[in-house]
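A.B. asks: What shape does this take:
(one chain, ligands or ions: 1)
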Amino acid sequence: MRKKIIAGNWKMNKVVSEAKQFLSDVKENVPSSDQVESVVCAPFVSLPALVEQAKGTDVKIAAQNMHFEENGAFTGEVSPVMLQDLGVEYVVLGHSERREMFNETDESVNKKVHAAFSHELTPIVCVGETLEQREANETKPHVEKQVKAALEGLSEEQVKQVVLAYEPIWAIGTGKTATSEQANEVCTHIRDVVQSAVSETAADAIRIQYGGSVKPANVDELLAQSDIDGALVGGASLEADSFLKLVEAGKNE
Ligand SMILES: O=C(CO)COP(=O)(O)O
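C.D. replies: Alright, predicted model coming up:
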């Protein structure tokens, strides 16, 4: 049985004091990490404070991006070495906003996935189609290409630890959630892709989140689907109450 993973992706929101307030509101109230993984994906500037505050609690801290190189002349970038040194445990890679606005490619995502494993960071790799691709019936081939590229060159053991997040771009921040059946259909396809590209064991173990307008009102139905193992949540993860409802839902399924 795959353990559910609920991750709040704050995107470019919250100053450090707000981030600390959020963590103090949730840290004693999240379910045990034996039951569900609760992850907060925060801007770089808040990571040191959040990692400190999360010590000894069931909240895990994630970065929202990183460079693939360990150090060097990359002005403005943050490296996997720096995240590992801080005690960050997860890193979101290849979010559609980064692919669309910051030139993230399948190739750079794959390099970052390898860099994550070299530095004991668990990658949460985002994939998903645009509305145009969905309407042109290109969802499955597009997502398949992204998944295969992201996992290229990983060992079976590493693939088992990856978290994939299926986020249809047309459902992000729009209030339009994919129906749970639509979401599950693509997540099932992703698992089939992992099975044929890697192995049945890897496909059974890998966790696949859904993301795109997830909120307390629709999370139960999404998590009840056969191939959805969690949620990557933007807007509805910003308030402590709402985040707590989402992680509780992960526990119940
Ligand atoms: O992009 C997302 C999470 O990474 C989804 O954002 P929303 O939950 O705000 O639609």
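
A.B. asks: what sits up against the helix or strand hosting residue 142?
C.D. replies: Here residue 142 sits within helix 139-151, counting by DSSP states H and E. The contact list for helix 139-151, computed with C-beta atoms under 8 Å, 6 or more residues apart in numbering, reads 93-94, 106-107, 109-110, 113, 125, 127-129, 133, 159, 162, 164, 166, 168, 186, 189-190, 193-194, 197-198. C-beta: built from backbone N, CA, C; applies to glycine.

A.B. asks: Could you tell me which residues within the next helix or strand after it count as buried?
C.D. replies: On the C-terminal side of helix 139-151, the nearest following helix or strand under DSSP H and E is helix 156-161. Residues of helix 156-161 classed as buried: 158, 159, 160, 161 (neighbour count, 16 or more other C-beta atoms under 10 Å).

A.B. asks: Convert the C-alpha atoms of helix 156-161 to CSV, please.
C.D. replies: Output of helix 156-161 as CSV, limited to C-alpha atoms (Å, rounded to 0.1, in the frame of the first residue of the first chain):
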residue,chain,number,x,y,z
GLU,A,156,14.9,1.0,-10.3
GLU,A,157,15.5,1.8,-6.6
GLN,A,158,15.6,5.5,-7.4
VAL,A,159,12.5,5.4,-9.5
LYS,A,160,10.6,3.8,-6.6
GLN,A,161,11.4,6.8,-4.5
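
A.B. asks: counting contacts, what elements does that helix pack onto?
C.D. replies: helix 200-205 (3 or more C-beta pairs under 8 Å, 6 or more residues apart in numbering; DSSP states H and E).

A.B. asks: could you say what helices and strands the helix it packs on packs with?
C.D. replies: In terms of contacts (3+ C-beta pairs under 8 Å, 6+ apart), helix 200-205 is packed against helix 156-161, helix 180-197.

A.B. asks: thinking again about what came up before, I'd like to know which of the contacts of helix 139-151 are buried.
C.D. replies: The buried subset of the contacts of helix 139-151 - by 16+ other C-beta under 10 Å - is 93-94, 106, 109-110, 113, 125, 127-129, 133, 159, 162, 164, 166, 168, 186, 189-190, 193-194, 198.

A.B. asks: Are we agreed that residue 208 is in a strand?
C.D. replies: Yes: counting by DSSP: H, G, I helix; E, B strand; the rest coil, residue 208 is part of a strand.

A.B. asks: I'd guessed it sits against residue 191; true?
C.D. replies: Yes: using C-beta atoms under 8 Å, residue 208 makes contact with residue 191 at a distance of 6.5 Å.

A.B. asks: okay, these two: which has more neighbours?
C.D. replies: Shown here are residue 208 and residue 191; by other C-beta atoms under 10 Å, residue 208 has more neighbours (27 against 20).

A.B. asks: what sits opposite that one in the beta ladder?
C.D. replies: Beta-bridge pairing of residue 208 under DSSP bridges involves residue 164.

A.B. asks: Can you name the residues that contact residue 225?
C.D. replies: Residue 225 makes contact with 180, 181, 183, 184, 187, 210 under the criterion C-beta under 8 Å, 6+ apart.

A.B. asks: Quick check: the gap between the third one and residue 177.
C.D. replies: Residue 183 sits 8 Å away from residue 177 when distances are taken as C-beta to C-beta, to the nearest Å.

A.B. asks: picking that back up, name only those of the contacts of residue 225 that count as buried.
C.D. replies: Burial by neighbour count, judged by 16+ other C-beta under 10 Å, picks out 180, 183, 184, 187, 210 from the contacts of residue 225.

A.B. asks: before we move on, back to that, any common contacting residues for residue 208 and residue 191?
C.D. replies: Listed as contacting both residue 208 and residue 191 by C-beta under 8 Å, 6+ apart are residue 227.

A.B. asks: Quick check: residue 122 touching residue 163?
C.D. replies: Yes: assessed by C-beta under 8 Å, residue 122 is found in contact with residue 163 at 6.5 Å.

A.B. asks: quick one: contacts for the one residue in the chain that gets nearest to the ligand?
C.D. replies: The chain approaches the ligand most closely through residue 234 (2.4 Å), counting by C-beta to the nearest ligand atom. Residue 234 makes contacts with 9, 10, 11, 172, 173, 211, as judged by C-beta under 8 Å, 6+ apart.
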